[in-house]
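Peer 1: Take this sequence and fold it.
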Amino acid sequence: MSWLCCGSSEMSTSFSKTQSQPGEVMNSEEPKTERREARSFTFQELANATENFSSENCVDINSFGKVYLGELEGTFEVVTVEKMVVDRSGGAREFLVKVLMLSLLNHPNLINLVGYCAEGDERILVHEYLPLGSLEKHLHGGSSNRKHLDWDTRMKIALGTARGLEYMHHAAVPAVIYRNLKPSNILLDDDYNAKLSDFGLSKLGPSGDKLHVSVLVRGTLGYIAPEYEKTGRLTVKADVYSFGVVLLELITGQRAADVTDEQSLISWVSISANSLVTDILLIYVRFLHNRLLFVF
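Peer 2: Got it, this is the predicted structure:
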């Protein structure tokens, strides 16, 4: 199983003539998106949009701050408003990185930056609202939040995620390494199109004759590529590994890392005697390879 999560180049030749089976009725066309310039908001505008950042409007709390649901005055557009904490180490830097990355990148499978606020000590990001929330919620959420995803929908999400990564790695100039791929950062619109979000850990790829970027190891347990974790040398292959883990989660429904028994999903699949998991995995990889002009 390690070949999937390590992005082996052998995959591109082994499956080149394989007929795809699942999801044949699924529309694999990329969703359309319109490019628009991010606007600068005042703090008061965003306070009004979120009812003064009320607790009732708070929809998420992450390591960088709180996320609120808001409605913009005039346009009545529903948005998410991420109010970042900047008095912690790296908070201001993460804000700048997110604004920079989302200003450079434009793709249907990346979240759209509506605007931002940098007034005084406030650092706030405004994103498009994606009504179905995160893939994490659908895969691992509580019974009240969890919604069944059929196989075609799971494949659609995997394909959209892969396209977003492919754009960042090969079409964006300069190339971008996401470094934070996990289900909680994959958001879904009302048609289950996947959009990558949270670019605070993203890095520009190596330039010139360099083969990697040397950085401090950051990420989430279960999704960090072993070679990156050991050496601190970051390449696009780190994203490929994370994508393999997410793909396994989509197929098995298991978490990437189970804190109760300290076993990773990669280990579980590797030692599993259940051949059905392997068979489904091979079908899905073949499908992805055939539907995606995508070689990491």
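Peer 1: for the protein, what helix or strand is lowest in average pLDDT?
Peer 2: Every helix and strand in the chain was compared by mean pLDDT, DSSP states H and E; the lowest is helix 10-14, with a mean of 31.
Peer 1: All the helices of the stretch 101-250 of the chain, residue numbers only.
Peer 2: 135-140, 151-166, 226-231, 237-252 (DSSP state H, counting those that start in this stretch).
Peer 1: Give me the helices and strands touching the third one, please.
Peer 2: Spelled out, that is helix 226-231. If you count contacts as 3 or more Cβ pairs under 8 Å, 6 or more residues apart in numbering; DSSP states H and E, helix 226-231 packs onto helix 237-252. Where C-beta positions appear, they are placed from N, C-alpha and C, glycine not excepted.
Peer 1: quick one: the helix it packs on to chain centroid distance?
Peer 2: 11 Å (Cα atoms, centre = their mean, to the nearest Å).
Peer 1: and residue 94, how many residues sit next to it?
Peer 2: 23 (other Cβ atoms under 10 Å).
Peer 1: Next up, the contacts around it.
Peer 2: Residue 94 makes contact with 64, 84, 200 under the criterion Cβ atoms under 8 Å, 6 or more residues apart in numbering.
Peer 1: Phi first, then psi, for it.
Peer 2: phi -60, psi -40 (degrees, to the nearest 10).
Peer 1: Residue 164 versus that one, what's the distance?
Peer 2: Distance, residue 94 to residue 164, using Cβ to Cβ, to the nearest Å: 20 Å.
Peer 1: Next: residue 126.
Peer 2: 20 Å.
Peer 1: can you redo the contacts of residue 94 as JSON lines with pLDDT?
Peer 2: As requested, those are exported to JSON lines (pLDDT from 0 to 100):
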{"residue": "64", "pLDDT": "78"}
{"residue": "84", "pLDDT": "89"}
{"residue": "200", "pLDDT": "83"}
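Peer 1: Strands - which of those land there?
Peer 2: residue 84 (DSSP state E).
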